[in-house]
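**Q** the sequence and its predicted three-dimensional model are supplied below.
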Amino acid sequence: MIGYVTLGTTDLARGARFYDAIAKEMGVGRMMETERFIAWGIPGGGAGIGLTLPFDGKPATVGNGVMVALEAKDRAQVERLYRLALSLGGTDEGAPGARGEGFYAAYFRDLDGNKLNAFAMD
């Protein structure tokens, strides 16, 4: 049902480095790019993620209660994505671990404060 998710940034080049690394770990790359917007994913594949300078020209802000969940292939990839995000300057919002039966997740924020998680169902 979801085609893609877009997150705001104040610095597209800086944010792109963060998401290029996350996307590479997930086995995807950039699929669309302009001077104000970059999208990662696979055309015709599952939902992608975009990073954009806000259209209205105002500063990007984070949504209270908004989070983007990235589906990892397994627990090991959840842990790699979490460590990668932190090594790129992201901040911790919850270390990798079981979050209920069959749900393993880690939570982090990108360089603009957007909240993400990496999860695996097992």
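**A** Nice, I can see it. Numbers count the residues shown, from 1 in each chain.

**Q** mind listing the strands for this structure?
**A** With strands called from DSSP state E, the chain shows them at 4-8, 29-33, 37-41, 48-52, 68-71, 91-98, 103-109, 115-121.

**Q** how much does the second one deviate in direction from strand 37-41?
**A** Following axes from the mean of the first three to the mean of the last three CA atoms, to 10 degrees, one obtains 140 degrees for the angle between strand 29-33 and strand 37-41.

**Q** quick check: buried residues in strand 29-33?
**A** residue 31 (16 or more other CB atoms under 10 Å). C-beta coordinates here come from the backbone N, C-alpha and C atoms, glycine included.

**Q** report the angle between that strand and strand 48-52.
**A** Computed by the same axes, to 10 degrees, the angle between strand 29-33 and strand 48-52 is 50 degrees.

**Q** swap in the first one?
**A** An angle of 20 degrees separates the directions of strand 4-8 and strand 48-52 when computed by the same axes, to 10 degrees.

**Q** touching strand 4-8 from outside, list them.
**A** 37, 39, 41, 47-54, 60-62, 68, 110, 112, 114 (CB atoms under 8 Å, 6 or more residues apart in numbering).

**Q** what are the C-alpha coordinates of that strand, in PDB please?
**A** Extracted C-alpha coordinates of strand 4-8, given in PDB (Å, rounded to 0.1, in the frame of the first residue of the first chain):
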ATOM      1  CA  TYR A   4       7.400   5.600  -0.700                       C
ATOM      2  CA  VAL A   5       8.200   7.700   2.300                       C
ATOM      3  CA  THR A   6       9.800  11.100   2.100                       C
ATOM      4  CA  LEU A   7      11.800  12.700   4.900                       C
ATOM      5  CA  GLY A   8      13.000  16.300   5.200                       C
END
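
**Q** so who does the spatially closest residue to residue 16 that is not a sequence neighbour touch?
**A** Nearest residue to residue 16, sequence neighbours excluded (CB to CB, 6 or more residues apart in numbering): residue 38, at 5.4 Å. Counting by CB under 8 Å, 6+ apart, residue 38 makes contact with 12, 16, 19, 30, 32, 50-52.

**Q** returning to that earlier point: okay, the strands of the chain in TSV with distance to residue 79 and mean pLDDT next?
**A** Below are those laid out as TSV (distance: least, CB to CB, whole Å; pLDDT from 0 to 100):
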stretch	distance to residue 79	mean pLDDT
strand 4-8	23	95
strand 29-33	22	97
strand 37-41	21	97
strand 48-52	20	96
strand 68-71	13	96
strand 91-98	5	98
strand 103-109	7	98
strand 115-121	8	98
